[in-house]
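Asks: coords please:
(one chain, ligands or ions: 1)
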Amino acid sequence: MATTKFDTKVLSILENKIQLINTNSGGIYLVGPIKLPVNLYGETVNFKWYCWLNCDEVTEDYEKIIAKLSSANLAEHQQSSVLVYGDFEYDENTLIRMHSICHTGDIFGSKRCDCGFQLKQSMKMVVENGSGAIFYLANHEGRGIGLFSKAMAYILQENGYDTIEANEQLGFADDSRNYDDAIRVLKALRQKPVTLITNNPRKLDALKNAGMPISGRKSLWGDVSQYNEKYLQTKVKRAGHLKEEEGNCNND
Ligand SMILES: [Zn+2]
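Replies: Here you go, the predicted structure:
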């Protein structure tokens with residue numbers, strides 16, 4: 001096995017930006033903040049970006065963790081991250097969003113769902129609020145079934161199944177997403193109460209059950225179109241999403 005010797009300067013730069021969060025089954029290594037200027041609706045907004053990695057090994061000797069990176073094939077497994085804005089740790093009123101990765105919606109701008117719209121809109125809400133954080137959850141594709149299975153589910157949906165039936169027909173629970181790690185990262189970044197941007201009561205419950213103080217909820221109205229209307233209605237009728245305005249509903 002190749003052993004990498006690091007320049008002591010490299011190590012001292014990186015170790016100041018790494019934080020170890022203990023979990024029941026290992027460690028989360030949170031790296032950041034990293035300056036991330038983002039083009040948001042034509043304006044440049046400066047976010048602080050953090051990324052995290054789960055690892056069985058728990059050590060504060062970060063040289064050991066860094067030494068594993070080049071052979072860990074991390075590109076084969078997407079990592080989650082969080083975009084932070086303003087004084088997230090101490091601001092009295094702050095907003096958070098737990099955003100599930102959506103390859104088709106966020107990247108391609110697919111109109112079969114409203115994820116891309118919700119992502120941009122929640123970033124805008126955070127900036128307008130003055131502080132907040134958007135968690136981008138990499139293992140939540142297709143409500144936790146993965147991209148390939150989501151492609152299969154889309155084919156079933158084109159043949160008469162709704163979004164929930166399609167997942168179930170492929171052997172998945174309707175919603176298998178887990179928020180534990182994201183909540184651990186959230187707690188490392190802020191202890192004061194947060195307002196959650198969501199229409200999904202399960203996300204509220206996940207935070208409450210993890211002991212995170214909640215100061216409120218803000219809904220996020222989606223980009224309703226002929227392509228996603230049925231899908232959005234299913235989320236309200238069958239997945240318990242909170243619908244608050246006439247003619248408007250959405251998924252997250
Ligand atoms: Zn989507």
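Asks: now do the strands in the stretch 1-150 of the chain.
Replies: 18-23, 26-40, 43-55, 80-85, 95-100, 132-137 (DSSP state E, counting those that start in this stretch).
Asks: which of the ones you listed is buried the deepest?
Replies: strand 95-100 (a mean of 26; mean count of other Cβ atoms under 10 Å). Backbone N, C-alpha and C define where each C-beta goes, glycine included.
Asks: is any part of it close to the ion?
Replies: No. If you take Cβ under 5 Å from the ion as the test, strand 95-100 misses the ion, and the best it gets is 7.6 Å.
Asks: ok and that strand relative to strand 132-137, angle-wise?
Replies: Counting by axes from the mean of the first three to the mean of the last three Cα atoms, to 10 degrees, strand 95-100 lies at 10 degrees to strand 132-137.
Asks: just the mean pLDDT for strand 95-100, thanks.
Replies: Mean pLDDT, strand 95-100: 96.
Asks: check the offset of that strand from the chain's centre.
Replies: Its chain's average C-alpha position is 6 Å from that of strand 95-100, according to Cα atoms, centre = their mean, to the nearest Å.
Asks: list the pairing partners of it within its sheet, with orientation.
Replies: Strand 95-100 pairs in its sheet with strand 132-137 (parallel), strand 194-197 (parallel), by DSSP bridges.
Asks: output those strands as a markdown table; include the columns mean pLDDT and distance to residue 10.
Replies: Shown next, in a markdown table, are the strands paired with strand 95-100 (pLDDT from 0 to 100; distance: least, Cβ to Cβ, whole Å):
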| stretch | mean pLDDT | distance to residue 10 |
| --- | --- | --- |
| strand 132-137 | 98 | 27 |
| strand 194-197 | 96 | 35 |
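Asks: out of these, flag the one nearest the ion.
Replies: Across these, the ion has its closest neighbour in strand 132-137 (12.3 Å, Cβ to the ion).
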